[in-house]
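# Sequence first, predicted coordinates after that:
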Amino acid sequence: MTDEQQENPRAGVSRRRLLGITGTGAAVGAATFAGGLGLGRATADDSVPQGGSRTYPFYGGHQSGVVTPAQDRLHFAAFDVTATTREDLITLLQAWTLAAAEMTQGRPAQADETSYDAPPADTGEADGLPASGLTLTFGFGPSLFRDAQGKDRFGIAARQPKELARLPHFPADKLDPSRSDGDLCVQACADDPQVAVHAIRNLSRIAFGSAEIRWAQLGFGRTSSTSTSQATPRNLFGFKDGTANLKAENAGDLDQHVWVARGDDPRAEWMTGGSYLVARRINMHLETWDRTSLREQEAIVGRDRPQGAPLSGGTEFTEPDFAAKGRGNEPLISATSHVQLAHPTRNGGAKMLRRGYNFTDGNDALGRLDAGLFFLAYVRRPSTQYIPMQNRLAQHDGMMEYLQHTGSALFAVPPGARAGGYVGEVLFT
Ligand SMILES: C=CC1=C(C)c2cc3[nH]c(cc4nc(cc5[nH]c(cc1n2)c(C)c5CCC(=O)O)C(CCC(=O)O)=C4C)c(C)c3C=C
Ligand SMILES: [Fe+2]
């Protein structure tokens with residue numbers, strides 16, 4: 001047995017010995033290890049599907065995970081910051097950036113510590129798994145800028161975007177405060193749930209002493225397509241969801257409706273290239289829906305169930321014709337249908353990039369599934385693109401009878417980090 005194996009008998013041929021990494025050059029070490037040898041978590045395991053090795057860049061002008069083709073799985077976490085100084089907050093963001101840059105490339109969050117007596121620097125459950133298209137997207141909540149008394153927590157209050165305020169109370173909201181708001185958020189999306197959970201777990205571990213998870217949500221299936229290359233998935237009502245969504249291929253739409261542009265908010269120019277993320281946990285009363293006729297279900301949505309075609313006719317991607325009339329001169333698409341109320345022509349041209357996930361969190365005491373849609377949407381201006389639409393849906397949408405909004409949050413998603421920098425750096429410099 002070598003000296004090192006005596007120190008850590010499970011180590012085998014350790015990363016440290018392969019690379020001669022010593023000390024705590026954690027993130028740089030990990031990058032050298034994985035990059036230099038072309039290794040990382042991704043092993044030559046034949047059972048790993050080819051697509052699992054897909055990676056998306058972490059650094060860039062925009063954060064990944066917004067227009068990235070929506071992956072199949074989600075682990076979303078909102079954090080409360082417990083650090084009290086600006087320096088400690090920046091240190092956290094720097095550490096998160098380094099770890100995120102590693103994990104999104106399929107590598108461990110941090111390089112191994114040298115001591116067998118120290119806790120491992122990566123929790124290990126993603127060892128052997130490929131990157132699985134992991135993206136990590138970071139956001140800042142309004143409470144990061146000012147506490148409940150309005151006090152400037154980290155010297156950034158003057159730069160709080162005017163669009164970043166707690167979402168208002170909407171009609172029929174039944175929000176659980178322990179599933180709402182938060183100082184920071186991390187959206188982890190991947191095609192393997194273990195990879196997404198591993199990422200949040202390690203970011204939470206790294207945040208120890210500086211931030212703690214306030215609430216989290218797992219999503220097991222995407223409810224949107226964000227690229228024309230993707231098939232439209234289905235939500236738990238059994239309907240295609242994401243048909244009329246904004247798509248990554250349409251750069252003009254993204255510039256108009258998703259990305260914050262220079263001049264949008266003079267006191268928050270740091271948000272240029274960023275976006276705003278609306279998160280709503282929406283319970284769906286599946287048992288009631290399942291006792292509703294197909295005719296009624298389709299009338300509520302405004303599209304047919306098999307194809308997702310508008311009830312005015314055509315196929316999935318045919319534009320709905322709200323003026324089309326049927327028997328008895330009744331509109332084929334009801335004025336209280338979801339698609340009519342959410343359509344840009346009924347919302348001053350507003351569009352959003354939806355990126356939600358189906359969830360189920362067990363059941364209630366009456367044996368009903370605690371399930372629904374974790375609604376995520378990216379917008380350039382929540383005050384015109386989300387708030388009026390949500391008010392309209394909450395008041396008039398026939399679907400509301402089957403829904404209950406139980407969680408709510410809004411986050412400012414800064415532009416992407418530059419290599420060598422950290423996520424949100426533009427806010428602090
Ligand atoms: C405030 C915004 C929206 C919320 C909240 C919302 C919840 C929600 N939606 C569905 C199911 C479907 N939504 C569909 C379309 C659609 N929904 C919104 C907005 C919100 N939905 C928009 C902007 C659109 C697109 C409208 C258009 O331009 O035609 C559809 C149809 C298919 C599609 O285009 O995606 C379905 C189905 C559920 C179940 C739900 C809450 C649980
Ligand atoms: Fe919708």
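Yep, it's here. Ligands and ions are numbered 1, 2, ... in the order given.
# Can you report how many residues neighbour the nearest residue to Arg146 once chain neighbours are set aside?
Leaving out its chain neighbours, the residue that sits closest to Arg146 by CB to CB, 6 or more residues apart in numbering is Ala157, at 5.2 Å. In this view, the C-beta of every residue, glycine as well, is placed from N, C-alpha and C. Neighbour count of Ala157, defined by other CB atoms under 10 Å: 14.
# roughly how far apart are Ala157 and ligand 1?
With distances taken as CB to the nearest ligand atom, to the nearest Å, Ala157 is found 29 Å from ligand 1.
# looking at it, that residue is touching Asp147, isn't it?
No: the criterion here is CB atoms under 8 Å, and Ala157 misses it with Asp147 at 9.7 Å.
# who's in contact with the residue nearest the centre of the chain?
Residue closest to the average C-alpha location in the chain (CA atoms, centre = their mean): Gln187, at 3.6 Å. Neighbouring residues of Gln187 by CB atoms under 8 Å, 6 or more residues apart in numbering: Gly65, Leu74, Phe76, Thr135, Leu136, Thr137, Gly139, Leu277, Leu376.
# nearest residue to it other than its sequence neighbours?
Nearest to Gln187 is Thr137, by CB to CB, 6+ apart, at 4.3 Å.
# part of a strand, is that neighbour?
Yes: counting by DSSP: H, G, I helix; E, B strand; the rest coil, Thr137 is found in a strand.
# Next one: it from Thr232, what distance?
Going from Thr137 to Thr232 by CB to CB, to the nearest Å gives 22 Å.
# thinking again about what came up before, wait, which of the contacts of Gln187 is closest to ligand 1?
Leu376 (10.2 Å; CB to the nearest ligand atom).
# wait, doesn't that closest one sit right on Asn358?
No: taking CB under 8 Å as the definition, Leu376 is not a contact partner of Asn358, at 11.9 Å.
# about what we covered before: what about Thr137 and Thr232, which has more around it?
Neighbour totals were compared for Thr137 and Thr232, and Thr137 leads with 27 against 19 (other CB under 10 Å).
# and the more buried one, what pLDDT?
Thr137 is assigned 99 on the pLDDT scale.
# tell me the contacts of the residue lying closest to Arg222 once chain neighbours are set aside?
For Arg222, ignoring the flanking residues on the chain, the nearest one in space by CB to CB, 6+ apart is Ala70 at 4.4 Å. When contacts are counted by CB under 8 Å, 6+ apart, Ala70 touches Cys189, Arg222, Ser224, Ser225, Thr226, Ser227, Gln230, Gly242, Arg355.
# for the chain, which helix is longest?
Counting residues, the longest helix in the chain under DSSP state H turns out to be helix 86-103.
# which helices and strands sit right next to it?
In terms of contacts (3 or more CB pairs under 8 Å, 6 or more residues apart in numbering; DSSP states H and E), helix 86-103 is packed against helix 26-37, strand 135-140, helix 193-206, helix 425-428.
# and the ones you listed, which one's lowest on average pLDDT?
The minimum mean pLDDT among the helices and strands packed on helix 86-103 belongs to helix 26-37 (a mean of 30).
# what is the orientation angle of the next helix or strand after it with helix 193-206?
The helix or strand immediately downstream of helix 26-37 is strand 73-81, counting by DSSP states H and E. Interaxial angle of strand 73-81 relative to helix 193-206 (axes from the mean of the first three to the mean of the last three CA atoms, to 10 degrees): 10 degrees.
# wait, isn't Ala248 in contact with Thr226?
Yes: contact between Ala248 and Thr226 holds when scored by CB under 8 Å: they sit 5.6 Å apart.
# These two: who's more crowded?
Set Ala248 next to Thr226 and count neighbours by other CB under 10 Å: Thr226 wins out with 25 against 20.
# what pLDDT does the closest residue to the more buried one other than its chain neighbours get?
Using CB to CB, 6+ apart and skipping the chain neighbours, the partner closest in space to Thr226 is Ala70 (4.8 Å). Note on Ala70: pLDDT of 98.
# For ligand 1, see how far away Ala70 is.
Distance of Ala70 to ligand 1, given as CB to the nearest ligand atom: 12 Å.
# coming back round to it: so which of the contacts of Ala70 sit within strands?
Cys189, Arg222 (DSSP state E).
# and the contacts of Ala70 as a markdown table, adding distance to Thr123 and pLDDT?
Shown next, in a markdown table, are the contacts of Ala70 (distance: CB to CB, whole Å; pLDDT from 0 to 100):
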| residue | distance to Thr123 | pLDDT |
| --- | --- | --- |
| Cys189 | 19 | 98 |
| Arg222 | 25 | 98 |
| Ser224 | 30 | 96 |
| Ser225 | 32 | 95 |
| Thr226 | 29 | 96 |
| Ser227 | 31 | 96 |
| Gln230 | 31 | 97 |
| Gly242 | 33 | 98 |
| Arg355 | 26 | 98 |
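# Thank you kindly, that will do.
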